[in-house]
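Enquirer: heads up, no residue letters with this:
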DNA sequence: TTCTGTGCAAATGATTTGCAGCCAG
DNA sequence: CTGGCTGCAAATCATTTGCACAGAA
């Protein structure tokens, strides 16, 4: 798999943006951590290695990391946006039309994340899951 | 099932809080709506029937409705907290320990809600679902 | 050189809180 | 009566934005 740094560089180039020491540092520090970091957490960590960095830069860079696919926004319920590392996953679940049997592959990062939290709250460490959604597709509802 | 108004009264009494015309009105207007209301939305709706109501009161009352079990907080990704009606549902899913086979019944309102959103985003109307979480329970991880 | 990036501080937007008077129990 | 409410405005908190200068490409 391509290096995260390369992914980021590519994304920046593709978007006519520039690689800077600040962005490089923020990415490195971000990658070092597992779990979910609030922008401010990351800001504090980064500041240890570069006193001059600005809080706004961390906010701006996290948004870029999200867009580049390297980070994923996570929203708990406090007003704080957190970010976690995102890997090139190909996992998906299914939604099935009860009428015509049509099946779609679907995937929702937030559900995945909440499943983990749910398991956690019951003392489990989640290793996998199956989820099937049943419903009526647009076509069958028209008919 | 007990009337929502009664549920709220009971909750207030139990918590040494008082029923007031404002709270009654906010609850009534809230119950009238399906979907997810931001505090400000509800504030605007309520204000039509009581010009003198304060925004803070709506915030405070929505929190109480949440605590009383009548409303459920919903967090999308914009910085706004929304609320939806909550019903006494008995539906649940399962989490299974891959090691010892122990099974727990679990339930997460937010997952349920997101499943609906996910189905919706694919043009489906959700009629049901099955979800199985697999993991390791606390005991088996210790062993 | 030419934009884009950065730090800073001010601005925003949602939600909370302090306060003085009001009112349900 | 009395302690919980209410509306209002000021205060918070996370995040965004304007700006002048700095530095990648």
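Expert: Nice, I can see it. Everything quoted here is computed from the prediction, not taken from an experiment.
Enquirer: Could you check which helix or strand contains residue A:112?
Expert: In this assignment (DSSP states H and E), residue A:112 forms part of helix A:109-121.
Enquirer: how many degrees apart are that helix and helix B:109-121 in direction?
Expert: Here helix A:109-121 runs at an angle of 160 degrees relative to helix B:109-121 (axes from the mean of the first three to the mean of the last three Cα atoms, to 10 degrees).
Enquirer: mean confidence score for helix A:109-121?
Expert: Averaging pLDDT along helix A:109-121 gives 84.
Enquirer: For the residue nearest the centre of chain A, which three-state class applies?
Expert: With distances taken as Cα atoms, centre = their mean, residue A:72 lies nearest the centre of chain A, 1.6 Å away. At residue A:72 the chain is in strand, as set by DSSP: H, G, I helix; E, B strand; the rest coil.
Enquirer: does it really touch residue A:112, like I thought?
Expert: No: at 9.6 Å, residue A:72 and residue A:112 do not qualify as touching, with contact defined as Cβ atoms under 8 Å. The way it works is simple: take the backbone N, C-alpha and C, and place the C-beta from them, glycine included.
Enquirer: Give me the contact list for the helix holding residue A:112.
Expert: With contact meaning Cβ atoms under 8 Å, 6 or more residues apart in numbering or on different chains, helix A:109-121 is reached by A:72, A:74-75, A:84, A:86, A:91, A:125-126, A:129, A:131, B:95, B:106, B:108, B:110-111, B:114-115, B:118, B:131, B:133, B:135.
Enquirer: repeat that for 7 Å
Expert: Contact with helix A:109-121 is made by A:72, A:74, A:125-126, A:129, B:95, B:106, B:108, B:110-111, B:114-115, B:118, B:133, B:135, as judged by Cβ atoms under 7 Å, 6 or more residues apart in numbering or on different chains.
Enquirer: If any of those are buried, put those into a PyMOL selection.
Expert: The following PyMOL line selects those of those that are buried, judged by 16 or more other Cβ atoms under 10 Å in any protein chain shown:
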select buried, (chain A and resi 72+74+126+129) or (chain B and resi 95+106+108+110+111+114+115+118+133+135)
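Enquirer: DNA strand C contacts on chain A?
Expert: Near DNA strand C, the residues belonging to chain A are A:12, A:16-18, A:20, A:22-23, A:50, A:52-57, A:60-61, A:79 when assessed by Cβ under 7 Å from any atom of the strand.
Enquirer: let's see 10 Å
Expert: A:12, A:15-26, A:43, A:46-47, A:50-61, A:64, A:78-79 (Cβ under 10 Å from any atom of the strand).
Enquirer: Just the buried ones from those residues?
Expert: Buried among these (16+ other Cβ under 10 Å): A:12, A:22, A:23, A:25, A:26, A:43, A:46, A:53, A:57, A:58, A:61, A:64.
Enquirer: Let me know the secondary structure of residue A:95.
Expert: Assigned by three-state DSSP, the conformation of residue A:95 is strand.
Enquirer: After the helix holding residue A:112, heading C-terminal, what element do we hit next?
Expert: Sequence-wise, the next helix or strand downstream of helix A:109-121 (DSSP H and E) is strand A:125-136.
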